[in-house]
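Engineer: heads up, no residue letters with this:
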């Protein structure tokens, strides 16, 4: 250690070595070996099996839909909170992240109870003589669970990007002749893109890898790639295929993040 | 050329924020081609006045006329004026060329026209060849000049400048003052300039509007504001000054600290309490027997162009600026030319002090 300050990074160094780097190496080790510990690409190639490719595609589709819904809900909301002249915009943000203080499993379990055939929502609907809602154990319920759980991760980065915009920059656009829509399209939105990108990453990655939400709200009928990997590890006890599929999933995420980052840098032409 | 055509008129404008009155019944007109400066301490209402003109604030009461047309409720994008903001407010996600082109592209000007205008504007602010740079890579002074270029390519009739030099260092600020005067002369448009820097105001303006606590204290040319301040606030805010309580004995005769001085002012009545303003450079130090008042030098500071001295005379500390130096302890006489004594009514209450000249 050249510097005493470097010592302060030691705990994190140990942490990342023990809980990030070593596990990652193990995943790669298992992913590229068979049960007799011989090198193989078979685990990686197992993604091409119909079941697995189906799970991956539906995972991507549901994660995309959930991310899109999160954007559509979060962006206007973040704009309203950022634009509100109220001193307690901090309080409004607090209200939206409040559910995060409760356990993730508990929240998802609560949705299960709400959505069940004889659950709270359907009881109320039948009392009002309205047709029953049957979305539990369908992809709709899974998307609902994803949106509910991950929405705060979309609101916060967008809100942060929006409040950082100097009000005079917006005034300048108006002053130069832009109407409200043009000001939004050419100035506010481009300046908020970094926040939007982190929001997309923070929502789409957990949505793509989740297995708890699909387990609890999909009733085990809809297998996402996360469920397939979980089954390989826990039920089939095949760490090799599980690791191989995990590596494939990781590659997809890295690819997606690379693309968004690239767009972020190149998206410079606004007319 | 400055004309008598009143381009902008503010008529009985009042504005308050959260119960706090910022502008109270303000009346002001701006003539075509005028370089007019709103000058005052922070919180005096100068920036609010500019923002009302730009359309970023709506007055609670009163009307804004532009060329005789009521524009009080017109949004900023429909107003024939452009603003240069404090801290530049450039679009950081666009190149310099895109920044300058913004207003013209919104108005769907042809491409070749826009290209020509960008070139012209960059030459005008001495930043040729900066088209493809990003705002972040420019210095503060350069960014400010881009902000000016971005505004003037739209050929506004009036350019509003909100403390545009506030974030720059002293040397750059002085250079930019000359740049602004040159720009205004080349463009032949009206400038409304907001600042708290009295030197900036004196250097550039045709007309200075001194403001305090939401009221206009005095309107006039820089010379008039400096030489004939109408009240103690203006005298104190513009440059250094000796403001002393005195008594107007009779027309053309004023008693200051027990000594009688000849004056050029009349019409205050007999034995009226007044305030007099004497600029430090107008106080002459002479031999004790030649002076109207006698005192002792207590401090001397060398300021470059002149010496600044404090002279204790009849229990008042006089600020004196002179090119000749009198060492501490020297007995001196104080002499003031009659026309250098500026006499002002004494405000009778705090309210009157805020309202200033309006009687």
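Structural biologist: Ah, there it is. Remember, it's a predicted structure, so these values are computed and weren't measured experimentally.

Engineer: can you give me the strands for chain A?
Structural biologist: Read by DSSP state E, chain A holds no strands at all.

Engineer: How about the residues of it by chain B?
Structural biologist: Taking C-beta under 8 Å from any C-beta of the partner chain, the part of chain A that reaches chain B is made up of A:166, A:168-169, A:171-179, A:182, A:186-187, A:190-191, A:268, A:270-271. Backbone N, C-alpha and C define where each C-beta goes, glycine included.

Engineer: Among the residues you listed, name the ones in helices.
Structural biologist: A:168-169, A:171-175, A:182, A:190-191 (DSSP state H).

Engineer: Which member of the residues you listed is positioned nearest residue A:94?
Structural biologist: For these, the residue nearest residue A:94 by C-beta to C-beta is residue A:191; the value is 24.7 Å.

Engineer: my guess is that closest one contacts residue A:165, does it?
Structural biologist: Yes - counting by C-beta atoms under 8 Å, residue A:191 touches residue A:165, with 5.1 Å between them.

Engineer: more neighbours, those two?
Structural biologist: residue A:191 (19 against 15; other C-beta atoms under 10 Å in any protein chain shown).

Engineer: what sits against the more buried one?
Structural biologist: A:161, A:164-165, A:169, B:92-93 (C-beta atoms under 8 Å, 6 or more residues apart in numbering or on different chains).

Engineer: same check, this time on residue B:258
Structural biologist: residue B:314.

Engineer: Strands along the stretch 1-150 of chain B, start to end?
Structural biologist: B:6-17, B:20-31, B:35-39, B:61-66, B:69-70, B:81-84 (DSSP state E, counting those that start in this stretch).

Engineer: Which among these is found nearest to chain A?
Structural biologist: Evaluated over those, closeness to chain A peaks at strand B:81-84, with 4.7 Å, by C-beta to the nearest C-beta.

Engineer: Quick one: the helices in the stretch 101-250 of chain A, in order.
Structural biologist: A:104-115, A:120-127, A:139-163, A:167-175, A:180-183, A:189-209, A:212-217, A:225-234, A:239-266 (DSSP state H, counting those that start in this stretch).

Engineer: Take the ones you listed and write them to JSON lines, including distance to residue B:130 and mean pLDDT.
Structural biologist: Output for the helices of the stretch 101-250 of chain A, formatted as JSON lines (distance: least, C-beta to C-beta, whole Å; pLDDT from 0 to 100):
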{"stretch": "helix A:104-115", "distance to residue B:130": "51", "mean pLDDT": "90"}
{"stretch": "helix A:120-127", "distance to residue B:130": "61", "mean pLDDT": "87"}
{"stretch": "helix A:139-163", "distance to residue B:130": "27", "mean pLDDT": "93"}
{"stretch": "helix A:167-175", "distance to residue B:130": "18", "mean pLDDT": "95"}
{"stretch": "helix A:180-183", "distance to residue B:130": "25", "mean pLDDT": "95"}
{"stretch": "helix A:189-209", "distance to residue B:130": "21", "mean pLDDT": "93"}
{"stretch": "helix A:212-217", "distance to residue B:130": "52", "mean pLDDT": "91"}
{"stretch": "helix A:225-234", "distance to residue B:130": "50", "mean pLDDT": "92"}
{"stretch": "helix A:239-266", "distance to residue B:130": "21", "mean pLDDT": "86"}
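
Engineer: for the ones you listed, which one sits closest to residue B:47?
Structural biologist: Of all the helices of the stretch 101-250 of chain A, helix A:167-175 comes closest under C-beta to C-beta, at 11.2 Å.

Engineer: Show me what that closest one is packed up against.
Structural biologist: helix A:180-183, strand B:81-84 (3 or more C-beta pairs under 8 Å, 6 or more residues apart in numbering or on different chains; DSSP states H and E).

Engineer: ok, 10 Å please
Structural biologist: helix A:180-183, helix B:46-54, strand B:81-84, helix B:96-106, helix B:140-152, strand B:158-162 (3 or more C-beta pairs under 10 Å, 6 or more residues apart in numbering or on different chains; DSSP states H and E).

Engineer: Could you identify which of these is most buried?
Structural biologist: strand B:81-84 (a mean of 26; mean count of other C-beta atoms under 10 Å in any protein chain shown).

Engineer: Which elements pack onto it?
Structural biologist: helix A:167-175, helix B:46-54, helix B:140-152, strand B:158-162, strand B:190-195.

Engineer: out of the ones you listed, which comes closest to residue B:288?
Structural biologist: Comparing the helices and strands packed on strand B:81-84 by C-beta to C-beta, strand B:190-195 comes nearest, at 42.5 Å.

Engineer: what pairs with residue B:336 across the strands?
Structural biologist: residue B:283 (DSSP bridges).

Engineer: Please name the nearest non-neighbouring residue to the residue lying farthest from the centre of chain B.
Structural biologist: Using C-alpha atoms, centre = their mean, the residue of chain B lying farthest from its centre is residue B:289. It sits 40.6 Å away. Computed as C-beta to C-beta, 6 or more residues apart in numbering or on different chains, the closest residue to residue B:289 that is not its neighbour in sequence is residue B:333, at 6.7 Å.

Engineer: from memory residue A:52 sits against residue A:224, does it?
Structural biologist: No - with contact defined as C-beta atoms under 10 Å, residue A:52 does not count as touching residue A:224 (11.0 Å).

Engineer: Who has more neighbours out of these two?
Structural biologist: residue A:224 (27 against 20).

Engineer: which residues sit in contact with residue A:208?
Structural biologist: Residues near residue A:208 by C-beta atoms under 10 Å, 6 or more residues apart in numbering or on different chains: A:56, A:59-60, A:62-64, A:66-67, A:146, A:224-226, A:249, A:252-253, A:256.

Engineer: which ones are touching the residue positioned nearest the centre of chain A?
Structural biologist: Among the residues of chain A, residue A:203 comes closest to the average C-alpha position under C-alpha atoms, centre = their mean, at 2.1 Å. Neighbour list for residue A:203: A:63, A:66-71, A:74, A:146-147, A:149-154, A:157 [criterion: C-beta under 10 Å, 6+ apart].

Engineer: domain parsing for chain B?
Structural biologist: Annotated domains of chain B cover B:6-227, B:241-355 [automatic domain parsing].

Engineer: Now the first one: average pLDDT?
Structural biologist: Over the span of domain B:6-227, the pLDDT mean works out to 93.

Engineer: Can you give me the end-to-end span of that domain?
Structural biologist: This stretch, domain B:6-227, spans 26 Å end to end (C-alpha to C-alpha, to the nearest Å).
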